[in-house]
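K.L.:
fold the following, please.
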Amino acid sequence: ACLRRIQYNQERLAKLSQSIVFRQPERLYDGYLQKLDHLTTRLETLIKQEFERKQKETALLSQRLQGLNLFASVENYQDRRESLQRLLVTTTKNTLNGYRVRLEKAQEALLSLDTSRIVARGYAIVNKDDKPLTTIKDITEGDQLTIQMRDGELEVEVKNVNEKNI
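P.N.:
Numbering: from 1, shown residues only. Model (predicted):
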């Protein structure tokens, strides 16, 4: 068994001695150097590419961060809030003034319909059974009427009813 092992090792040694490694070690070394140079160049290229990609990514993130400048955003929102507040105050004042003018006009219209003012201008109000009369058709001879005037009331009895169109 030992002899076989020795023989096997001698055969392997003979094959190895005839291999290119033993005959031309410089060539093998040069091949490894070329592969090493190629791998080194490839690694440098990949590192540069990755570095450039990370630089671009950093620049984009920096731009986004500047876009998210919170102080500027807060100031913009505060300015907008103040502007809207001023607009609200102005609009509210204008609306209230409009309502005030409408109210004053409505008051004047109501006052113009006030019977005491109508009577004060020289007109009279004719009532039958405490209801104002608007047409002669509601009056018959012998009716008791009350006439309201500026300085008092008259109680009258109708003697004659004549219909006229004005």
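K.L.:
could you break the chain into its assigned domains?
P.N.:
16-67, 69-113, 119-157 (automatic domain parsing).
K.L.:
with mean pLDDT, mean neighbour count and distance to Q10 added, can I get the ones you listed in TSV?
P.N.:
C-beta here means a position set from N, CA and C on the backbone, and glycine is covered the same way. Formatted as TSV, these follow (pLDDT from 0 to 100; neighbours: other C-beta atoms under 10 Å; distance: least, C-beta to C-beta, whole Å):
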stretch	mean pLDDT	mean neighbour count	distance to Q10
domain 16-67	83	10	10
domain 69-113	92	10	81
domain 119-157	90	11	148
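K.L.:
can those domains go into JSON lines with extra columns for distance to Y8?
P.N.:
Listed next are the domains of the chain as JSON lines, based on distance: least, C-beta to C-beta, whole Å:
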{"stretch": "domain 16-67", "distance to Y8": "13"}
{"stretch": "domain 69-113", "distance to Y8": "78"}
{"stretch": "domain 119-157", "distance to Y8": "143"}
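K.L.:
quick one: closest of the ones you listed to Q7.
P.N.:
domain 16-67 (15.0 Å; C-beta to C-beta).
K.L.:
which parts of the chain are helices?
P.N.:
Counting by DSSP state H, one finds helices in the chain at the ranges 2-18, 20-23, 25-67, 70-112, 115-120.
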